[in-house]
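just need the structure, nothing else, for what follows:
(one chain, ligands or ions: 1)
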Amino acid sequence: MSLENRVALVTGAGRGIGHAIAKNLAEEGAHVLCVSRSENSCGATAEAINQSGGSATSHAVDVSDGPAVAELAKSLLEKHGKVDILVNNAGITRDGLILRMSEENWRDVIETNLSSCFHWVKNLAHPMARQRWGRIVNITSVSGLVGNAGQANYASSKAGMIGLTKTLAKELASRQITVNAVAPGFIETDMTSGLDEKTRDIILKNIPLKRLGQPSDIAHMVDYLCSDKAAYITGQIFTVDGGMVM
Ligand code: NDP
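Purely as a prediction, here's the structure:
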């Protein structure tokens with residue numbers, strides 16, 4: 001197991017992609033701190049990991065709440081002494097065309113998807129830098145690469161994560177912290193379960209591999225980026241989308 005003795009924090013670990021990432025990192029031997037909004041969901045992920053022989057704990061917090069994130073990060077660092085791996089995966093959508101988008105929906109998405117990354121990195125990068133080893137993986141989206149009608153807030157937050165990824169990679173490289181992003185296409189989770197049949201067919205027509213992705217397709221890439229095999233990779237955005245965006 002490549003991540004034995006590592007402590008990994010995964011946000012949005014309660015469901016979908018975050019659940020798969022947490023499970024995989026635990027299978028690689030990391031102790032996983034499962035974070036999500038509700039204790040029910042991150043608690044269920046931690047329990048599933050512990051029941052299958054891994055090691056995990058659950059921590060409910062609203063990742064857009066800077067002071068709450070700072071308090072949780074402090075208590076986790078006191079308990080574990082370090083967090084080696086940070087996966088910023090928690091995210092929401094509040095779709096709508098720009099002419100009808102409320103300021104509240106703009107702000108909620110930017111705060112949850114982008115400002116949350118700032119809060120976690122502010123609180124966890126310093127101890128990573130001290131130990132001269134760290135992995136930060138941000139889950140962005142193809143929407144952040146190419147834009148998507150109806151998602152001005154979401155695409156902006158995800159494009160912001162790309163800028164953040166590249167900047168942090170430059171700032172933290174001298175401390176042996178790598179910072180990369182994964183840009184999923186359409187992945188089968190609660191986030192995409194509301195798609196109607198017609199939209200689904202249109203999406204499938206644009207995916208050369210002719211299927212929606214599974215959360216495990218993303219988790220495998222995250223596994224790799226967190227491993228020692230990826231020590232020479234930083235500042236990169238890896239698209240995992242069945243070939244949709246080339
Ligand atoms: P889901 O909606 O299935 O799960 C989202 C997770 O994020 C949940 O665990 C949820 O917590 C958590 N979360 C949301 N808001 C907050 C918050 N304010 N504070 C703490 N936790 C929060 O999403 P997916 O698994 O589909 O998506 C995961 C990531 O991947 C997102 O960043 C998304 O933008 C990105 N992505 C997804 C794609 C897809 O097709 N599914 C495509 C491209 C990118 P709780 O369980 O407690 O509600």
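
please count neighbours and contacts with C-alpha atoms only from this point.
Will do.

remind me what the least confident helix or strand in the chain by mean pLDDT packs against, helices and strands.
Here the helix or strand of the chain ranked lowest by mean pLDDT, DSSP states H and E is helix 197-205, holding a mean of 93. Of the remaining helices and strands, none touches helix 197-205 by 3 or more CA pairs under 8 Å, 6 or more residues apart in numbering; DSSP states H and E.

which parts of it are buried?
By 16 or more other CA atoms under 10 Å, the buried positions in helix 197-205 come out as 200, 203-204.

what residues does this protein have near the ligand?
Residues of the chain lying near the ligand by CA under 6 Å from any ligand atom: 12-18, 36-38, 41, 61-64, 89-92, 112, 139-141, 184-192.

need the buried ones from these selected in PyMOL.
What follows is the PyMOL syntax selecting those of the residues of the chain next to the ligand that are buried according to 16+ other CA under 10 Å:
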select buried, resi 12+13+14+15+16+17+18+36+37+41+61+62+63+64+89+90+91+112+139+140+141+184+185+186+187
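
report the next helix or strand after the lengthiest helix in the chain in sequence order.
Scanning the chain for the helix with the most residues, using DSSP state H, yields helix 152-172. Toward the C-terminus, helix 152-172 is succeeded by strand 177-184 as the next helix or strand (DSSP states H and E).

partners of that following strand, with directions?
Strand 177-184 pairs in its sheet with strand 134-139 (parallel), strand 237-240 (parallel), by DSSP bridges.

after the first one, next one along is what?
Spelled out, that is strand 134-139. Following strand 134-139 in sequence, per DSSP H and E, is helix 142-146.

what sits up against that next one?
151, 154-160, 162, 183-185, 239, 241, 245 (CA atoms under 8 Å, 6 or more residues apart in numbering).

same check on stretch 189-200?
15-17, 92-93, 186, 214-215.

over to stretch 217-234?
With contacts defined as CA under 8 Å, 6+ apart, stretch 217-234 is touched by 2-3, 17, 20-21, 24-25, 85, 135-137, 169, 173, 178-180, 182, 184, 240.

okay, helices next: where are they in this structure?
All helices of the chain, identified by DSSP H, fall at 16-27, 39-51, 66-80, 103-109, 116-131, 142-146, 152-172, 197-205, 215-226.

name the helices or strands packed onto the first one?
Okay, so that is helix 16-27. Judged by 3+ CA pairs under 8 Å, 6+ apart, helix 16-27 is in contact with strand 7-11, strand 31-36, helix 39-51, helix 215-226.

over to the longest one?
Applying 3+ CA pairs under 8 Å, 6+ apart, one finds that helix 152-172 contacts helix 103-109, helix 142-146, strand 177-184.

now the third one
Applying 3+ CA pairs under 8 Å, 6+ apart, one finds that helix 66-80 contacts helix 116-131.

now do the fourth one
Using 3+ CA pairs under 8 Å, 6+ apart as the contact criterion, the neighbours of helix 103-109 among helices and strands are helix 152-172.

okay, the strands paired with strand 177-184, which one's buried deepest?
Among the strands paired with strand 177-184, ranked by average contacts under mean count of other CA atoms under 10 Å, first place goes to strand 134-139 (a mean of 26).

out of the helices of the chain, which is closest to residue 7?
helix 66-80 (7.7 Å; CA to CA).

who's in contact with that closest one?
Counting by CA under 8 Å, 6+ apart, 7, 61-63, 82-83, 116, 119-120, 123-124 sit against helix 66-80.

and the residues you listed, which is closest to residue 46?
residue 7 (13.7 Å).

can you redo the helices and strands packed on helix 16-27 as CSV with mean pLDDT?
Shown next, in CSV, are the helices and strands packed on helix 16-27 (pLDDT from 0 to 100):
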stretch, mean pLDDT
strand 7-11, 99
strand 31-36, 98
helix 39-51, 98
helix 215-226, 98
